[in-house]
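J.: no letters, just coordinates:
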């Protein structure tokens with residue numbers, strides 16, 4: 001972020017790292033964004049955390065709103081996060097990346113916002129991945145997260 005640029009606000013966001021139900025398949029649920037910010041970028045389900053929500057509650061809500069899926073938390077945290085400035089929004093986001101497992105089939109609940117959901121190979125993330133995901137990819141492996149049940 002340019003030191004002369006002052007964001008209008010700061011928001012907390014969540015990004016759902018929904019892993020494939022078969023642990024041998026290292027894929028996460030993804031889509032292509034159809035609108036700004038990030039038009040054409042590959043993204044995961046996510047959004048803003050409401051003031052009354054915890055990080056995990058916000059992640060599970062966003063997953064259901066965007067995909068129609070219900071999820072199980074893989075880890076109790078701490079969750080990796082990124083801090084990004086979106087000049088087009090004038091907002092500064094702290095985004096927490098929450099690993100989630102779901103056995104449901106994703107639905108394209110918001111077809112005007114993104115492409116149909118698909119399973120993206122975690123070990124071959126494309127160049128046009130949502131900002132922050134590149135850092136998470138190099139520092140965190142959702143497939144190695146500790147299960148809540150253990």
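T.: Looks like it arrived, so ask away. Given the structure is predicted, the values throughout are model-derived calculations rather than measurements.
J.: burial measure for the residue lying closest to residue 130 once chain neighbours are set aside, as a count.
T.: Spatial nearest neighbour of residue 130, excluding adjacent residues (Cβ to Cβ, 6 or more residues apart in numbering): residue 43 at 4.2 Å. Where C-beta positions appear, they are placed from N, C-alpha and C, glycine not excepted. Residues near residue 43, counting by other Cβ atoms under 10 Å, number 21.
J.: now residue 11
T.: 15.
J.: quick revisit: what pairs with the residue nearest to residue 130 across the strands?
T.: With DSSP bridges as the criterion, residue 43 is bridged to residue 31.
J.: can you list contacts of stretch 106-114?
T.: 29, 31-35, 43, 65-69, 115-117 (Cβ atoms under 8 Å, 6 or more residues apart in numbering).
J.: ChimeraX command for the buried members of those residues?
T.: With 16 or more other Cβ atoms under 10 Å as the criterion, this ChimeraX line picks the buried residues out of these:
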select :29,31,32,33,43,66,67,69,117
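J.: just give me the least confident of the contacts of stretch 106-114.
T.: When those are compared on pLDDT, residue 35 comes out lowest, with 92.
J.: isn't there a helix covering that one?
T.: No: secondary structure of residue 35 (DSSP: H, G, I helix; E, B strand; the rest coil): coil, not part of a helix.
J.: what's near enough to touch it?
T.: Per Cβ under 8 Å, 6+ apart, neighbours of residue 35: 112, 113.
J.: and stretch 17-33, end to end?
T.: 16 Å (Cα to Cα, to the nearest Å).
J.: thinking again about what came up before, quick one: contacts for the residue nearest to residue 130?
T.: Residue 43 is in contact with 15, 30, 31, 32, 33, 114, 129, 130, 133, counting by Cβ under 8 Å, 6+ apart.
J.: please apply the same query to residue 15.
T.: Counting by Cβ under 8 Å, 6+ apart, residue 15 touches 43-46, 59, 95-98, 130, 132-133, 136.
J.: where along this protein do the helices fall?
T.: Under the criterion DSSP state H, the chain contains helices at 55-67, 133-139.
J.: for the record, mean pLDDT for the shortest one?
T.: Read it as helix 133-139. On average, helix 133-139 scores 86.
J.: brilliant, that's me finished.
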